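Student: Here's my sequence, what's the structure:
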Amino acid sequence: MTLKFLKSFKLYVFIVVFFAISLCLFILSFLAMQNIDERVQAVSEQNLLKQSSMIENLYNSKLDALLKRGIQIAGVLGVEEELMFQDPKLSKKLQSMQDAQDIDIAIIVDEDTNVFIRPDIQKNGGRLLLDGIVKYALESSLPLASTAIVPQDELKQESEELYLQARTRRIPLPYEKKVEEVVYHNDALALVAVVPLSIKGETKGALVLVDVLNRDHSLPDEVDELTGFGASIFQNDVRISTTIKTQKDVRFVGTVLSKIAVEETIEKGQVFHGRLWVVDSWGYGIYTPLKNYKSEVIGAIGFGMSDQNYQQSIHLYSKKEQQYLFLINFIATLGFSLIISLLVSRSLTRPLQKLTNAIIEAYQGNLEEDIEVKSFDEINKVAHSFNILVRHIRQEIALEQRKFIDEFKKTHNQEQDEK
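Tutor: Residues are numbered from 1 along each chain as shown. Below you'll find the model as predicted:
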């Protein structure tokens, strides 16, 4: 009966403590999750910054790939031996490699940046207008890849088609002051690779490859596939390549970057992230500056999204985060409550078990030992009172035993005297 009582009491204590602790922890978790939107927004911005870093790495990989193609073409052409004279066969080789590698401009220049060989041999001669980066590579005698501005005259020299591809009409923001004169940007933003060419260890010229970015939407499209965000490339503040389209499926080429982003990215050369005007509505964007070989900012790359899409992405992430936190809190609360409940119920029932066992032992006549109970004050008091009772009973039994012995001795002595 006593054992059943203890088991029932232990179960009762366990259940009460478990539900009490669980309730407290769930209330604390609920209060903590009320601030989850702020945390989710901060985490979302961190994730978007990571996406921006990935876009920058992707852009740099395009530069590296162009440089590798330049080194490969220089090796295939074998221009070191033929650099001292203009060979029509070399022009044909260069034309073939240019078409195969899908490169907009491929030129060989001498050490003074004079055009030595073009794919079209009739255009040989003259000075390469893109001479700053080429001179820098010739002086260092090291291959170089960088972003650069290609002058319109160089584009026209290559082809009228390339010039028209780069020509972009500037479309001002809705809140900008209207200008009656139409403004066009005729230069091009491009990836440029320069591979110095040498004869007997002496630099005699360079192979120059140019990949124009204006209206080449392959990079933004690739970013869109990877991230799901509308990516854009800017030449200074003008959008020259983008995935953002009108309702008629026309890309928003020529629109300009918001002033707040221009100040941070183009003028200060820092990464911008925050709320701004994106093409035709307010939204959120992250833009990274593009720099030339002299670390001068000449453009930007990044992505922007409307407020609606941004809030949807945060809401989706928030929902996932809440589900994840709820699961973690539930498991943690359940485990913590079980452990604490077991410890509390055990700390309460073990002293009672000791006390019960001692009472049973006393009932069966074992009064030799006191019980030691380390528990709450109330149970300690009961144990202490029980020990006093047991000691008193031992003293009474000892006294009765002494009386019996004394009485026995007295009776025995009287019988001996009578004899």
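Student: for the stretch 51-200 of the chain, what spans make up the helices?
Tutor: Remark: helices assigned in the stretch 51-200 of the chain by DSSP state H, counting those that start in this stretch are 79-82, 88-101, 131-140, 152-158, 160-166.
Student: And the contacts of the last one?
Tutor: It refers to helix 160-166. 104-105, 150, 152, 155-156, 185-188, 212, 214-215, 240 (C-beta atoms under 8 Å, 6 or more residues apart in numbering). For the C-beta atoms, the positions are set from N, CA and C on the backbone; glycine is no exception.
Student: filter the residues you listed to the buried ones?
Tutor: Asp104, Ile105, Val150, Gln152, Leu155, His185, Asp187, Ala188, Val212, Asn214, Arg215, Ile240 (16 or more other C-beta atoms under 10 Å).
Student: what's the lowest-pLDDT member of those?
Tutor: Note: of these, the lowest pLDDT belongs to His185, at 86.
Student: hey, what's it bridged with?
Tutor: His185 forms beta bridges with Thr168, as assigned by DSSP bridges.
Student: Does it touch Thr168 like I think?
Tutor: Yes: between His185 and Thr168 a contact is recorded at 4.7 Å, counting by C-beta atoms under 8 Å.
Student: Among the buried ones among the contacts of helix 160-166, name the ones in strands.
Tutor: Ile105, Val150, His185, Ala188, Val212, Ile240 (DSSP state E).
Student: lowest-pLDDT helix or strand in this structure?
Tutor: When the helices and strands of the chain are scored by mean pLDDT, DSSP states H and E, helix 79-82 comes last with a mean of 54.
Student: which ones are touching Asn186?
Tutor: Gln152, Leu155, Tyr163, Ala166, Arg167.
Student: Show me which residues of stretch 259-269 are buried.
Tutor: Buried residues in stretch 259-269 (16+ other C-beta under 10 Å): Ala261, Val262, Glu264, Thr265, Ile266.
Student: Mind putting the contacts of Asn186 into CSV with distance to Gln270?
Tutor: Shown next, in CSV, are the contacts of Asn186 (distance: C-beta to C-beta, whole Å):
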residue, distance to Gln270
Gln152, 30
Leu155, 30
Tyr163, 33
Ala166, 27
Arg167, 30
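Student: Closest one of those to Ser198?
Tutor: The closest of these to Ser198 turns out to be Leu155 (C-beta to C-beta; 28.9 Å).
Student: Tell me the spacing between Glu396 and Phe404.
Tutor: Per C-beta to C-beta, to the nearest Å, Glu396 is found 12 Å from Phe404.
Student: which residues does the spatially closest residue to Phe272 that is not a sequence neighbour contact?
Tutor: Distances taken as C-beta to C-beta, 6 or more residues apart in numbering place Glu264 nearest to Phe272, at 3.9 Å, with adjacent residues excluded. By C-beta under 8 Å, 6+ apart, the contact list for Glu264 reads Gln270, Val271, Phe272, Tyr287.
Student: Turn these into JSON lines, columns for secondary structure and neighbour count.
Tutor: Formatted as JSON lines, those follow (DSSP: H, G, I helix; E, B strand; the rest coil; neighbours: other C-beta atoms under 10 Å):
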{"residue": "Gln270", "secondary structure": "coil", "neighbour count": "14"}
{"residue": "Val271", "secondary structure": "coil", "neighbour count": "17"}
{"residue": "Phe272", "secondary structure": "strand", "neighbour count": "23"}
{"residue": "Tyr287", "secondary structure": "strand", "neighbour count": "28"}
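Student: which one among those residues gets closest to Asp280?
Tutor: Using C-beta to C-beta, the contacts of Glu264 come closest to Asp280 at Tyr287, 17.3 Å.
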